[in-house]
Structures are given as structure tokens and as C-alpha cells.
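Have a look at this prediction, sequence included:
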Amino acid sequence: MPTSKIDDIKSQVCADIDKRAADLIEISREIHAHPELNFEEHFAHNILSEYIADAGVNVTRGAFELETAFDVAIKGGAGPTVAVLCEYDALPGIGHACGHNIIAAAGLGAGVALSAVVELCGGSLRLMGTPAEEGGGGKIEMARKGAFKNIDAAMMIHPADRDLARMNAIAIQQLIVRYEGLAAHAAMSPYLGKNALDAAVLGYMNVAALRQHIRPTERVHGIFTKSGEKPNIVPRQAEMYWYARSNNIESLQPLKQRVAKCLEAGAMAADCTINFEWQKNTYADLVDNLPLLKSYIQNSAQFGRILTAEYLAGTGGGSTDMGNLSYLVPSIHPMLQVAPAGVSLHSAEFAEYTAGDAANAAILDGAKIMAMTAIDMWLSDSLQAQVHQAFGSGVVPEGVF
């Protein structure tokens, strides 16, 4: 197809997104005002799927046996299938401090606009709602049910404190650890008790010491979720929730063992028992498909968002279930600035910015850039070949699913 024709189609989808601007911003603000946790995103699921249906697009609600997932599948020809992904879960206590309301609205805008040109471009479109990114691993659960079969490229955007083509996302394993002791009167007969809280505190301190001797790219952090009933009862139970992060799933395994030894030592010292509950959905590191990313970068420049395909210092350490998907499907996960540089994701301050003017601009820019990149993928035989070649064999390492 001539370049001028491709430019016309891109202009058409951008104009469509602009016409929907007020709706997309309002949906983002509504989701922001109704934060929902992992797999509980009923309000977001409903408002997004209803908008899709009202636009005349067939949508499957409660897709892939997940109540808050949705799926749109449009076959417009024999060309590649491109998936645009939405996230919409929030964080406990601080709401949309990761800005998933922006991800949802941008994905919605791109998907609905692309639905009008998918047949013209001769490809196929998937617009998917993926719940529970903040720890539940919704994309992993969907992948196990075959959601991402026969998809040639997947993309989403994520808000941040700067524009980034690449987020250096690393692998993560979640752990719930429980200590069992023995209750006794803390004043009359403490010698009859076994203090589960002491065991947990000692385990915590051991991990704190371990942090000096792990790789600079690794992270371990945890919280106490149960610490006893009353001060005058020797705590019989204690519980902690831990995250261990490393460069990839392979390097994560020895870190998990070291953390477990630290926590177990606390139990031994306090003469308590310990139980490890490693959560099943391990998040993999994110592998960007560079040819697809370069197409995104070229389209991004048209909106004044100048990006590089190189990792920028100080931008790593987070984790996402998009990492798992990137081993299954050629994927990208660029970041759009919605807050001043230095404002941390997962903070109350960042949550305020995810409903501001810069967030609104990111919704529209993100929707347009993703839509334009999808059109490139549909209409460029060269890009299709490069994306496929860069993805390689598609062998999924053990532990990713």
C-alpha cells in the first residue's frame, strides 16, 4: 500500500480518537474514582465493555473464565493479528497510584478506532481487558486458557514520570510466610509460650541483612500482615507478605532460596514452625520486541514524545505480567509521562496526577500511537518479517506459565 494511503488511514484513526476524547477522559476519571483491586474490577469491566458495545463492536464479557476480563476479536483479513491490552486494577489504600485508568482508556480508544479500519488493513484485531496486574497475574491466567494464541503482536502503554520506550521490568515471585508458635500469658507465664512474632521479626531482620549482599538489580521487600491478638498474649501466629525480584526467572531461583533461609532461621531461633506459600503466578522479565518498538518510537515522535530504544538509567526494578506475555507473543510496553520527573509510581502523589491534564494528554497520545503502530504492523510486510525474526523461536522458559 502506498505511503500516502497508510498516512490517510493513520489520520482517520487519530481523528476518530479525537472525536472520542471527551468520552475516553471521562471513562478514565470514572475508573480513577472507583478503584478496584485484583479480580474485583467489576465497575471498570462494565464501563469499558459497555462503551465497546455501544460503539457497535461485539465484546465478550467475563472472558476466559475471569469475571472481569473482556475480549474483542475482529478478523479483517489474512494479515497479522494485533492485540491492544487494557489494565484497570488499582492498589489497596492509594487507589490508581499506578495509573491503570489511563492504560484502560488509551487501550479502549486505540481498539475502538482500529475496529473501523481493520478490514481495510487486511489484518485482525484483539482488544482485551486483562485484570489483576497488581499481583494477581491476570494475563498469566488468561494465557493458560489460550487467550493469546495466534497473536502476532501485543501492546499496551503505561503512565510514568517520563516518556520511556522501554521499562526495565524484572521477574518477581510473591511469598506468604506463616509462623506458628504457642500462646501463653505474657506476664504470668511467658516461659510457656513460643513467640511467633519474634520469629517473624528475626526473619525480617535476616532479610534486611541479606539486602547488602544481593545484586544491585535485585529487590526484596515485605510487610507484616499478622502479628498477634493482644500485647498480653504471647503471639501464637504471625504472617508476612514478601516480594523477591531478580533480572529473570532463572536468576530468581537462588534469590528465593536465600530469602527462605533467612526467614526459616527466625523460626528456628524462636522455636516456632514456618510455612511457605509461594504464589503460583511468577512474573517474568519483560522482553521488548525491538522492531515493533521502533515503529512505536517513530509514531511517538509525531506527538512530541521523543524516545530511545535504549534503557535509561534509574528506570528499572518494577515488574509486570506483561513480561510473561512477552515470552509468548512479540510485545511492547512503553511508558508515557503523566507526572513530573521524580514522582514515584505507587505513591499518593502519583495517584493525583493520574487524573490530571497530563494524564488526559497521555490517554489520547497513547491511543493514537498504539493505533498507528498497529496499522504499521498490518500494512508493512517488512515490519512483520522483522518482528517475527526478532521474536525468535518463541520457546517459553520453564516457570513463565
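Done, it's in.

Doesn't residue 220 belong to a strand?
Yes - assessed with DSSP: H, G, I helix; E, B strand; the rest coil, residue 220 lies in a strand.

ok, so what distance separates it from residue 394?
Residue 220 sits 31 Å away from residue 394, going by C-beta to C-beta, to the nearest Å. To be clear about C-beta, it is placed using only N, CA and C from the backbone, and glycine gets the same treatment.

ok, those two, which is more surrounded?
residue 220 (20 against 10; other C-beta atoms under 10 Å).

Now that one. Nearest residue, chain neighbours left out?
Counting by C-beta to C-beta, 6 or more residues apart in numbering, residue 244 is the residue found nearest to residue 220 once chain neighbours are left out, at 5.2 Å.

Identify the residues contacting that neighbour.
By C-beta atoms under 8 Å, 6 or more residues apart in numbering, the residues touching residue 244 are 172-173, 175, 218-220, 252, 255-256, 259.

Which neighbouring elements make contact with the helix or strand harbouring residue 173?
For residue 173, the host element (DSSP states H and E) is strand 171-180. Counting by 3 or more C-beta pairs under 8 Å, 6 or more residues apart in numbering; DSSP states H and E, the packing neighbours recorded for strand 171-180 are helix 196-210, strand 219-226, strand 237-246, helix 249-269, strand 273-278.

For residue 21, which of the ones you listed is the nearest?
strand 237-246 (37.1 Å; C-beta to C-beta).

ok, back up a step: could you check the angle strand 273-278 makes with the strand holding residue 173?
Computed with axes from the mean of the first three to the mean of the last three C-alpha atoms, to 10 degrees, the direction of strand 171-180 lies at 160 degrees from that of strand 273-278.

Strand 171-180: how far from the chain's middle?
On the basis of C-alpha atoms, centre = their mean, to the nearest Å, strand 171-180 is displaced by 20 Å from the centre of the chain it belongs to.

quick one: buried residues of that strand?
171-175, 177-179 (16 or more other C-beta atoms under 10 Å).

So for it, mean pLDDT?
Throughout strand 171-180, pLDDT has a mean value of 98.

Please apply the same query to stretch 184-194.
In this model, stretch 184-194 has an average pLDDT of 98.

got it, and stretch 157-164?
For stretch 157-164, the mean per-residue pLDDT is 97.

related to what we said a few turns ago, which one of the helices and strands packed on strand 171-180 lies nearest to residue 109?
strand 237-246 (31.9 Å).

Okay, now the sheet partners of the closest one, with direction.
Strand 237-246 has the following sheet partners, assigned by DSSP bridges: strand 171-180 (antiparallel), strand 219-226 (antiparallel).
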